[in-house]
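Enquirer: Coordinates for the following, if possible.
(one chain, ligands or ions: 1)
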Amino acid sequence: MVLEERLLQGEKRAAARLISMAENHDTEAIDILKRLYKKTGNAHVVGITGPPGAGKSTLTDKLVKALRREGKTVGVIAVDPTSPFTGGSILGDRVRMNELSTDPGVFIRSMGTRGHLGGLSKATAAAVKILDIYGVDYIFIETVGVGQSEVDIARNADTTLMVMVPGLGDDIQAIKAGIMEIGDVFAVNKADRDGAKRTATEIEMMLDFNKTDWRPPVQKVIAVDNKGIDELLDHIRTHMNHLKDTGKLQKRRTENSKIEIIDLIQQNLMEMILDKSSKEEKVNQLAEEVALRNCDPYSAAESILDRIK
Ligand SMILES: Nc1nc2c(ncn2[C@@H]2O[C@H](COP(=O)(O)OP(=O)(O)OP(=O)(O)O)[C@@H](O)[C@H]2O)c(=O)[nH]1
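Expert: Numbering: from 1, shown residues only. Sure, this is the predicted structure:
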């Protein structure tokens, strides 16, 4: 049977194979996604982000287990923006989710994005679609909040869960301008530790400044003890219901699609201009010249663009 049909029939190995193909820039994967795109859009896509060590994978594991108890199926894409590795259980924290990987109702995949031009990478966005077609009810994209990655994750998600922890400094770790706006739901994990209440209050206060019709809930959780997980899950679902009831789901997905189209145009243009193997090499080479003031950035960009003129 062809891969496409196997995916439609919910064969796990077909989904895994297609994700690998997308990672390897195999155009057949994209062709399949073109044909099956209409079948996406059913899963609730949840982005999970937060500072390193906040307990994101522990929390994800508990959320997945809670959903499994209800008979829901779940896909987990763990993105490591600091790693170039893909396609396996190379990431240390995946070990915590090992027991889940034998569950037929759970699909887990680690993906690295370092070295890719562009944020969360085309392959990650493709993986979300593949799992959606494969037929899971929920897709969790988990990534450590470094730099651009929270923003990228929000662009791929219906609901973004920001995981905070007490004691990472007074001026709460992630309250850099803009970041707070990304969170639809906040979790203060490690609530067994001192300062959790204060951290939660500080987040609440920050959120009070933002006058929108969705006030993100702040939930204290103790992921290791499975405390607060059901409540957190309720908040995640309430957010989705809010999006649906207010017509904002369509609006959000339209905005995300716009960004995706623009990203794809940029990426495809880059690929058109530079042949794949030398793409980064050429840019790196020019960057060095620009840094050494042997060339200016305008001429560097033009010298690449000239190739399609
Ligand atoms: N005290 C306490 N520790 C926790 C809790 N949840 C997770 N941890 C611990 O925090 C550490 C980091 O947890 P991870 O789940 O690996 O965190 P992460 O955010 O995925 O970490 P990175 O992969 O580094 O981004 C582990 O040692 C967990 O056991 C909690 O509720 N309370």
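
Enquirer: Can you report phi and psi for Ile139?
Expert: The phi/psi pair for Ile139 (degrees, to the nearest 10) reads phi -130, psi 120.

Enquirer: Run a quick check on it versus Ala78, I expect a contact.
Expert: No - in terms of C-beta atoms under 8 Å, Ile139 does not count as a neighbour of Ala78; the distance is 11.7 Å. No exception for glycine: its C-beta is placed from N, CA and C like everyone else's.

Enquirer: Those two: who's more crowded?
Expert: Using other C-beta atoms under 10 Å, the more surrounded residue of Ile139 and Ala78 is Ile139, with 26 against 23.

Enquirer: need the contact list for that one.
Expert: 43-46, 74-77, 128, 131-132 (C-beta atoms under 8 Å, 6 or more residues apart in numbering).

Enquirer: Likewise for Ala127?
Expert: 19, 22, 77, 109, 111.

Enquirer: Repeat the analysis, applying 6 Å as the threshold.
Expert: 19, 77 (C-beta atoms under 6 Å, 6 or more residues apart in numbering).

Enquirer: One more: Glu289?
Expert: By C-beta under 6 Å, 6+ apart, the neighbours of Glu289 are Cys295.

Enquirer: Next: the one 4 residues further on.
Expert: By C-beta under 6 Å, 6+ apart, Arg293 lies in contact with nothing.

Enquirer: Dihedrals phi and psi, it?
Expert: According to degrees, to the nearest 10, Arg293 has phi 60, psi 20.

Enquirer: same deal with the one 3 residues further on?
Expert: Here the main-chain torsion angles of Asp296 (degrees, to the nearest 10) amount to phi -100, psi 160.

Enquirer: So for it, what's the nearest residue that isn't a sequence neighbour?
Expert: Val290 (6.6 Å; C-beta to C-beta, 6 or more residues apart in numbering).

Enquirer: Next, the buried residues of the helix or strand harbouring that neighbour.
Expert: Using DSSP states H and E, Val290 sits in helix 279-291. By neighbour count with 16 or more other C-beta atoms under 10 Å, helix 279-291 contains the buried residues 282-283, 286, 289-290.

Enquirer: Test my guess that the residue nearest to Asp296 contacts Ala301.
Expert: No - Val290 is not in contact with Ala301 according to C-beta atoms under 6 Å; the separation is 9.6 Å.

Enquirer: so where does the residue nearest to Leu3 when sequence neighbours are not counted fall, helix or strand?
Expert: Spatial nearest neighbour of Leu3, excluding adjacent residues (C-beta to C-beta, 6+ apart): Ala14 at 5.5 Å. Using DSSP H and E, Ala14 sits in helix 12-23.

Enquirer: So which elements touch that helix?
Expert: Contact partners of helix 12-23 among helices and strands, from 3 or more C-beta pairs under 6 Å, 6 or more residues apart in numbering; DSSP states H and E: helix 3-8, helix 27-36, helix 122-134.

Enquirer: Just the buried positions in that helix, please.
Expert: Those would be 14-23, for helix 12-23 by 16+ other C-beta under 10 Å.

Enquirer: Residue numbers of the protein in contact with the ligand?
Expert: 52-58, 93, 144, 189-190, 192-193, 222-224 (C-beta under 6 Å from any ligand atom).

Enquirer: I am finished for the moment; much appreciated.
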